[in-house]
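Engineer: Turn this into a model:
(chains A and B)
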Amino acid sequence: MKGNEAIGEGAVRAGCRYFFGYPITPQSELTHYLAKRLPEVGGLYLQAESEVASINMVYGAAGAGARVMTSSSGPGISLMQEGLSYLAGAELPCVVVNLMRGGPGLGNIAPSQADYFQATKGGGHGDYHLIVLAPNSVQELLDFTGKAFELADYYRNPVMVMADGIMAQMMEPVELKDEAQVEIPAKPWAATGMIDHPGSKRIINSCYVIPEEMEAVNIRLKEKYTQITLNEQASEGYLLEDAEIVLVAFGTVSRICRAVVEKARQLGIPAGLFRPITLWPFPAEELKRTTGKAKCFLSVEMNMGQMVEDVQLTINGRAPVYHYGRLGGMVPVARDVLQEVQKLYSGGVVK
Amino acid sequence: MKKVFKRPEILKDVPFHYCPGCTHGVAHRLVAEVIEELGIRDIAIGVAPVGCSVFVMDYFEIDMFQGSHGRAPAVATGIKRVLPDRVVFTYQGDGDLAAIGTGEFVHAATRGEKITVIFINNAIYGMTGGQMAPTTIMGQVTKTTPFGRDRETNGYPIRVCEMLVPLEGAAYLARVAVHTPKAIIQAKKFIKRAFEVQLAGLGFSLVEVLSACPTNWGLSPLEAVKWLEENMVPYYPLGEYKSPAGGAIND
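Structural biologist: Below you'll find the model as predicted:
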């Protein structure tokens, strides 16, 4: 299955019946897939006039209680930032897929991880967080899309599934579980018309003109984000037990780095890999716990150095943290990353 | 004693925050009366704009959404597609709809989205303190056109109803005013038709309501309704622009 299609199938199997979107490469096949697939299950694929409109259609559909999704790539995700802030403010569950491409500006359609800051540090205005999942295989694209809907409903928060153009375009075998009847949780806050809840109106809203009221909402949101940070950090480790040099990478790059770690081990370098699965919340606890012996960290990313800041915050000066990145749609080559590892190891940083 | 006139139950019994002489209150009442008379309170869902009338979400005792600036028709689209048997309407000002939201209302009309848009045109940005709106008329003095709107700098005001007429998805278009009792009676009639068009599933409906903003026009309430009659009505002629029955202008 192609990555894009796996996301679409994952959404349908999670009970998502509404998709609002706007064409952009490299996520096109996802929209093609859902345009066919959603009507088969009584759902709706609607092409909006812009990403600005799509995310606001998502706002309407989510507020009306539906499992709903949109997808895009960098430039389109930028246009959605205002809407994402409103969704977070009104505490509406939805899933937004970002299949990252080279930027800034129009950039190109080659794979990138340059939207890490945008996804994990806000993006839109105001104090809020998205939950951000970073799959690294087509199977995970499918599974994490389903997981994203569960998290979104559970926490009443927008969830982003973030991968790069390679993942979107890649084909891999996928195990499809039997289609189970999806239990969509009750939404006793959804504004579906008073016929459903006589006598009490419901408002989907993020506007609080009285600062005391706004602050109370902010505090409630902060408590929710704290709960998410405590409960939802996810990561994967590879050969970390005795690792002295720890590579940190997510998505496509984590697969490249796994190969680098294997090569390094063959050369006698005790390398390991830490792979964040949730980018927000960043899996800081596990990174601290599993890398006690590490003498140096190398964050490998397809950007100028974004996740490396979270690694630095987590390691908090205990060991040096380095960054290796390829930019503009270029993908790190295992050989080059290995060279970087060898350089750090032989350069005495690790010893 | 027989009660012959009362507040619609849909309108919350609180003092509105609107300025003296502002006609948002009249427009609110008309929409509320129509919803009540059509018996659709239980299935009505409204979308509030950004601007003075954002608080319509508090005043209407029905389920409401607060949308981002200009995007109410997109929000309404999301709601209506999920709940096709509900009556979904937006309430938007001229800055919200005819400037920042130009894409959303035009495309909602293009799609024939079965929603009703109540478009309040008072030729100015109210909430932000009286700047030029897309519907500010030629020569009109605002905070950002201190010498009057001129065509070289600002171009021309948008006639929203007229521009939607050619769109096949737009089923009902009308322009009304709320500055005289006669105009208010006609306004209610056309707002009702717009909702009926939605109930019949015929497509997109929009009623443009010429409205007074005495505060930002720098006029007394009485001067304001006179100004509306003398300056806005000639540029924005009242009447039905499109209706499924082929309704004529100046009905």
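
Engineer: Closest approach to chain B from the stretch 251-351 of chain A, which residue is it?
Structural biologist: At 22.6 Å from chain B, A:W280 is the closest residue in the stretch 251-351 of chain A, using C-beta to the nearest C-beta. Placement of C-beta: from N, CA and C, glycine included.

Engineer: residues in contact with that residue?
Structural biologist: For A:W280, the contact set (C-beta atoms under 8 Å, 6 or more residues apart in numbering or on different chains) comprises A:119-120, A:129-132.

Engineer: want to throw those residues into a markdown table with distance to chain B and pLDDT?
Structural biologist: Listed next are the contacts of A:W280 as a markdown table, based on distance: C-beta to the nearest C-beta, whole Å; pLDDT from 0 to 100:
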| residue | distance to chain B | pLDDT |
| --- | --- | --- |
| A:A119 | 20 | 98 |
| A:T120 | 22 | 98 |
| A:H129 | 19 | 98 |
| A:L130 | 17 | 98 |
| A:I131 | 21 | 98 |
| A:V132 | 22 | 98 |
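
Engineer: Of the residues you listed, which belong to helices?
Structural biologist: A:119-120 (DSSP state H).

Engineer: closest to B:H17 among the contacts of A:W280?
Structural biologist: A:H129 (32.6 Å; C-beta to C-beta).

Engineer: check contacts around the closest one.
Structural biologist: Contact analysis of A:H129 by C-beta under 8 Å, 6+ apart lists A:88, A:120, A:122, A:157, A:225, A:228, A:280-281.

Engineer: Among these, name the ones in helices.
Structural biologist: Counting by DSSP H, these contribute A:88, A:120, A:225, A:228 to helices.

Engineer: residue ranges for the helices of the stretch 51-200 of chain A, please.
Structural biologist: Assigned by DSSP state H, counting those that start in this stretch, the stretch 51-200 of chain A shows helices spanning A:51-63, A:74-79, A:81-89, A:116-120, A:138-155, A:165-169.

Engineer: what sits up against the fourth one?
Structural biologist: Applying C-beta under 8 Å, 6+ apart, the contact partners of helix A:116-120 are A:77-78, A:81, A:98, A:129-130, A:132, A:160, A:162, A:279-280, A:282, A:301, A:303, A:306-307, A:310.

Engineer: what's the burial count for residue 123?
Structural biologist: With no chain named, the answer covers chain A. A:G123 is flanked by 22 other residues according to other C-beta atoms under 10 Å in any protein chain shown.

Engineer: Chain B is the one I meant
Structural biologist: 27.

Engineer: Would you quantify the distance from it to chain A?
Structural biologist: Distance of B:A123 to chain A, given as C-beta to the nearest C-beta, to the nearest Å: 25 Å.

Engineer: Could you list the low-confidence segments of chain A?
Structural biologist: A:348-351 (pLDDT under 70).

Engineer: what domains does the record give for it?
Structural biologist: Following automatic domain parsing, chain A resolves into domains at A:3-192+A:219-231, A:235-346.

Engineer: Dump the ones you listed into a markdown table; add distance to B:R81 as well.
Structural biologist: Shown next, in a markdown table, are the domains of chain A (distance: least, C-beta to C-beta, whole Å):
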| stretch | distance to B:R81 |
| --- | --- |
| domain A:3-192+A:219-231 | 6 |
| domain A:235-346 | 30 |
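
Engineer: looking at those domains, which is closest to B:T136?
Structural biologist: With C-beta to C-beta as the yardstick, what comes closest out of the domains of chain A is domain A:3-192+A:219-231 (24.2 Å).

Engineer: Distance from that closest one to the middle of the chain?
Structural biologist: 9 Å (C-alpha atoms, centre = their mean, to the nearest Å).

Engineer: And stretch A:48-62, what's buried?
Structural biologist: Buried residues in stretch A:48-62, counted by 16 or more other C-beta atoms under 10 Å in any protein chain shown: A:48-62.

Engineer: What is the nearest of those residues to chain B?
Structural biologist: A:G60 (2.5 Å).

Engineer: Checking whatever residue of chain B ends up closest to chain A next. Helix, strand or coil?
Structural biologist: For chain B and chain A, the shortest gap (C-beta to the nearest C-beta) falls at B:G78, measuring 2.5 Å. For B:G78, the assignment made with DSSP: H, G, I helix; E, B strand; the rest coil gives helix.

Engineer: can you give me the strands in the chain?
Structural biologist: Went with chain A since none was named. Along chain A, counting by DSSP state E, strands occupy A:18-21, A:44-47, A:68-72, A:94-100, A:131-133, A:158-164, A:203-204, A:235-238, A:245-248, A:271-276, A:278-280, A:296-301, A:321-325.

Engineer: I was after chain B.
Structural biologist: B:44-48, B:63-66, B:87-93, B:116-121, B:124-125, B:131-132, B:170-177, B:204-210, B:239-242.

Engineer: between the ones you listed, which gets nearest to A:S254?
Structural biologist: strand B:63-66 (39.8 Å).

Engineer: tell me what that closest one is packed against?
Structural biologist: Applying 3 or more C-beta pairs under 8 Å, 6 or more residues apart in numbering or on different chains; DSSP states H and E, one finds that strand B:63-66 contacts helix A:51-63, strand A:203-204, strand B:44-48, helix B:56-59.

Engineer: The longest one vs chain B: in contact?
Structural biologist: Yes - Helix A:51-63 lies in contact with chain B when judged by C-beta under 8 Å from any C-beta of the partner chain; the contacting residues are A:52-54, A:56-63.

Engineer: and A:P111, which of the helices and strands packed on strand B:63-66 is closest to it?
Structural biologist: Of the helices and strands packed on strand B:63-66, nearest to A:P111 by C-beta to C-beta is helix A:51-63, at 19.9 Å.

Engineer: what's the closest non-adjacent residue to residue 104?
Structural biologist: Picking chain A for this. Distances taken as C-beta to C-beta, 6 or more residues apart in numbering or on different chains put A:A114 closest to A:P104, at 7.6 Å, once the chain neighbours are dropped.

Engineer: Hmm, no, I was thinking of chain B.
Structural biologist: B:P73 (4.3 Å).

Engineer: Verify the stated contact: the one you found with B:V88.
Structural biologist: No - using C-beta atoms under 8 Å, B:P73 is not in contact with B:V88; the gap is 9.8 Å.

Engineer: who touches both of these two?
Structural biologist: Common neighbours of B:P73 and B:V88 (C-beta under 8 Å, 6+ apart) are B:I115.

Engineer: Tell me how many other residues crowd residue 163.
Structural biologist: You didn't say which chain, so I picked chain A. 30.

Engineer: that's the wrong chain, I wanted chain B
Structural biologist: With other C-beta under 10 Å as criterion, B:M163 counts 16.

Engineer: how about the nearest residue to it, chain neighbours excluded?
Structural biologist: Going by C-beta to C-beta, 6+ apart, B:M163 has B:V106 as its nearest residue, at 7.9 Å.

Engineer: okay, the one you found: pLDDT?
Structural biologist: Turning to B:V106, the model gives it a pLDDT of 98.

Engineer: From B:C52, how far out is it?
Structural biologist: For B:V106, the distance to B:C52 (C-beta to C-beta, to the nearest Å) stands at 23 Å.

Engineer: So the two - more neighbours on which side?
Structural biologist: Shown here are B:V106 and B:C52; by other C-beta under 10 Å, B:C52 has more neighbours (24 against 19).

Engineer: what residues are up against the more buried one?
Structural biologist: Contacts for B:C52 (C-beta under 8 Å, 6+ apart) come out as B:18, B:22, B:24, B:93, B:126-127.

Engineer: any idea how far the closest residue to B:I35 other than its chain neighbours is from B:I62?
Structural biologist: What sits nearest to B:I35 in space, not counting adjacent residues and going by C-beta to C-beta, 6+ apart, is B:A44, at 5.2 Å. Here B:A44 is placed at a distance of 5 Å from B:I62 (C-beta to C-beta).

Engineer: So for the two, which residues contact both of them?
Structural biologist: Contacts common to B:A44 and B:I62, judged by C-beta under 8 Å, 6+ apart, are A:193, B:35.

Engineer: more crowded one of these two?
Structural biologist: B:A44 (26 against 23).
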